[in-house]
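1. The following comprises the amino acid sequence and a computationally predicted model.
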Amino acid sequence: MDYPPLNMSDDSPLPSTEVTPESTAPSASADPLQLERFVQLYAASHARLHGFILTLLPQHDDAQEVLQETSLVLWRRFGDFDPSADFTRWACGIAFNIVRKFRRERMRERLFFSESLMRDIAQTRHEHADYLEERRQALSDCLQKLRDVDRRIIDAYYTQGITAVRIAEQTNRPVNTVYKALQRIRLALMQCVDHRLAAGGTP
C-alpha cells in the first residue's frame, strides 16, 4: 500500500494535548458503536503507530509517554476522522505533531534530531510502512523461537532498557559474555527474519 505524504510542515499547528478528566476515558454518553470502531482501528494500527513514534523518539519511556498521549488525542478527535481515510496515516500525522510538542518541551534537557531530519525520518518510515510491518511480524515470530534464556536477555536489554552490566550482575555472568550473547542473538534474529521474508513469511 502506498501512503500519501504526511502533513509535517513546520507551520502545521501543534495539537492541544491537555489531559482532562473527560479525556482520559470515553464519556458515558459516547456512542457505543463509535467507541467499538475506534477500538478496532486503534488496535489494528497500534504496532505501526508505536513503531512510528519509536523511530522519532528511540527512548522507550519517551515513546510510551507520547503513545499514551496520542491515544487520548485520537479518541478526542475521532469524530473528525473520515471513515474513508487511512486511520494509521491519520494517527501518525497526529502523533508526529505530539512528538514535536514533546521535543520542544524537553529541548533544554537533552539533544534531539533537528526538525527537518525528523520530518525526513518520519516520511521515509511511513513510505516503507508495509515492509517494516512485515519485518516486525517476522521478528516477533523469530523471538518466539529463541531459547528462554536468550529471550530474557533480549527483553531485558531492549524492552526494559537494562544495561549489559546490570544483566551481567543479575545473571552472574561476565559482562563480556553478555555482550557476546547479545551479538550472537542479534545475528540469529537477523538471519531468521531475512529467511522468513525470503520464504514469504512462512516458518
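-> Yep, it's here.
2. And for Leu33, the neighbour number?
-> By the criterion of other CB atoms under 10 Å, Leu33 has 8 neighbours. Placement of C-beta: from N, CA and C, glycine included.
3. where's Tyr42, which helix or strand?
-> Applying DSSP states H and E as the criterion places Tyr42 in helix 32-56.
4. same question, Arg196
-> In the assignment (DSSP H and E), Arg196 maps to helix 175-198.
5. quick one, domains of the protein?
-> Under the assignment automatic domain parsing, the domains of the chain span 21-127, 133-198.
6. Just give me the lowest mean pLDDT stretch among those.
-> Lowest mean pLDDT of the domains of the chain: domain 21-127, a mean of 78.
7. Burial check on Gln144, number of neighbours?
-> Gln144 has 8 neighbours, counted by other CB under 10 Å.
8. I meant to write Leu35 there.
-> With other CB under 10 Å as criterion, Leu35 counts 14.
9. From Thr70, how far off is it?
-> Look at Leu35 and Thr70: by CB to CB, to the nearest Å, they are 17 Å apart.
10. Likewise for Ala198?
-> Relative to Thr70, Ala198 is positioned 34 Å away (CB to CB).
11. okay, these two: which has more neighbours?
-> Between Ala198 and Thr70, Thr70 has the larger neighbour count (other CB under 10 Å), namely 25 against 9.
12. contacting residues for the residue nearest the centre of the chain?
-> Taking CA atoms, centre = their mean as the criterion, His50 is the residue nearest the geometric centre of the chain, at 2.0 Å. Contact analysis of His50 by CB atoms under 8 Å, 6 or more residues apart in numbering lists Ala63, Leu67.
13. Could I get the buried residue list for the helix holding Tyr42?
-> Judged by neighbour count using 16 or more other CB atoms under 10 Å, the buried positions of helix 32-56 are 38, 41-42, 45, 48-56.
14. Nearest to Val165 among those residues?
-> If you rank the buried residues of helix 32-56 by distance to Val165 using CB to CB, Leu54 comes first, at 23.8 Å.
15. So the closest one versus Trp90, what's the distance?
-> On the measure of CB to CB, Leu54 and Trp90 end up 19 Å apart.
16. Then Asp150?
-> 38 Å.
17. Name the next helix or strand downstream of the helix holding Tyr42, please.
-> Using DSSP H and E, the helix or strand that follows helix 32-56 in sequence is helix 60-76.
18. Can you get me a residue count around the closest residue to Thr171 other than its chain neighbours?
-> Using CB to CB, 6 or more residues apart in numbering and skipping residues adjacent in sequence, the residue nearest Thr171 is Val178, 7.3 Å away. By the other CB under 10 Å criterion, the neighbourhood of Val178 contains 22 residues.
19. ditto for Asn97
-> There are 19 residues near Asn97, going by other CB under 10 Å.
20. my guess is Cys92 contacts Leu49, does it?
-> Yes. Contact criterion CB atoms under 8 Å: Cys92 and Leu49 qualify, at 6.3 Å.
21. Now name the helix or strand holding Leu139.
-> Using DSSP H and E, Leu139 maps to helix 129-144.
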